[in-house]
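1. build me a model:
(one chain, ligands or ions: 1)
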Amino acid sequence: MSKALVAYFSAEGNTAAVAKRLAEAAGADLFEIRPVEPYTEDDINWRKPLSRCNKEFFGKKDVPIAETVEGFEGYGLVFIGFPIWYYAAPNIINTFVKGYDWTGKRIALFATSGGSDITKSPDKLRPFLNGKGEIVAAKLFSAGADEAELKAWADPLIMPWKAQGQPHKPLEADITDKAIEYNDKFNRMRTMDRDFPEEQK
Ligand SMILES: Cc1cc2nc3c(=O)[nH]c(=O)nc-3n(C[C@H](O)[C@H](O)[C@H](O)COP(=O)(O)O)c2cc1C
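-> Residues are numbered from 1 along each chain as shown. This next block holds a predicted model:
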């Protein structure tokens, strides 16, 4: 089984909390997508027309990232987490995606938000993948999502053969099950026979 990576960006801590719990729950490596220039409170004030976040969003700007993922080729499944900004992933996620070759990789998006859903994010992010990789899931979580909830979401992504309902027990077990079922029926019939008084047969 190939390795899984949880890569996330978080400006205010909500997505970071979910990402850390998800990495624990999924047994995945963790990578923080950090801007070269950290966001200040003023930078992310979208109510100010000329704030950094507005300039980046409306100007479709790239956001330089401080570090790169080591050994990216080794990951088969990459979870990408972010806060919803302007109804989709922030520009820094587009920059992150553009920086790697996604050939053969599965991608699962997760996010936190102030109420918007994540449904617009896959289509908005896809052009930056250059036709490579496949977005296989996208889910919004509350900042307080616990490990059990995250594990329930991540497990079928990590072990897709289970989700696809392929046989996960050996053939012998199936045969044994059938034999037990048959014997059960047979025993029930025999019990009925025994319990029935002779004269009423
Ligand atoms: C610039 C900016 C834009 C945002 N746009 C949206 C939005 O369109 N819809 C929404 O529900 N929340 C929006 N939010 C709220 C964040 O998605 C929410 O607070 C999120 O949990 C923050 O995650 P973080 O703590 O990981 O940064 C926005 C926040 C910022 C700073």
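2. from K139, how far out is the nearest residue in space to N130 that is not next to it in sequence?
-> Once flanking residues are discounted, N130 sits nearest to W102: 7.7 Å by C-beta to C-beta, 6 or more residues apart in numbering. (Glycine included, C-beta is placed from N, CA and C.) Distance, W102 to K139, by C-beta to C-beta, to the nearest Å: 19 Å.
3. partners of the most centrally placed residue in the chain in the sheet?
-> Centroid check for the chain by C-alpha atoms, centre = their mean gives A108 as the closest residue, at 4.1 Å. Counting by DSSP bridges, A108 forms beta bridges with F79, A137.
4. ok, it - contacts?
-> Going by C-beta atoms under 8 Å, 6 or more residues apart in numbering, A108 touches 77-80, 135-139, 154, 157.
5. what is the mean pLDDT for the host helix or strand of R21?
-> For R21, the element it lies in under DSSP states H and E is helix 14-26. The average pLDDT within helix 14-26 is 98.
6. that older thread, out of the contacts of A108, who's nearest E41?
-> Nearest to E41, judged by C-beta to C-beta, of these is I80 at 24.6 Å.
7. residues in contact with the closest one?
-> By C-beta under 8 Å, 6+ apart, the contact list for I80 reads 7-8, 89, 93, 96-97, 107-110.
8. in helices, which of those fall?
-> Judged by DSSP state H, helices contain the following of these: 93, 96-97.
9. okay if I get the contacts of A108 as a markdown table plus pLDDT?
-> Below are those laid out as a markdown table (pLDDT from 0 to 100):
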| residue | pLDDT |
| --- | --- |
| L77 | 97 |
| V78 | 98 |
| F79 | 98 |
| I80 | 98 |
| I135 | 97 |
| V136 | 96 |
| A137 | 97 |
| A138 | 98 |
| K139 | 98 |
| A154 | 97 |
| L157 | 95 |
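10. out of the ones in helices among the contacts of I80, grab the one that's most surrounded.
-> Greatest neighbour count in these, by other C-beta atoms under 10 Å, goes to I93: 27 neighbours.
11. please determine how far the residue lying closest to that residue once chain neighbours are set aside is located from M159.
-> Once flanking residues are discounted, I93 sits nearest to F82: 5.0 Å by C-beta to C-beta, 6+ apart. Remark: distance between F82 and M159 (C-beta to C-beta) = 25 Å.
12. compare those two (neighbour count), which wins?
-> Legend: neighbour count by other C-beta under 10 Å for F82 and M159, higher for F82 (27 against 12).
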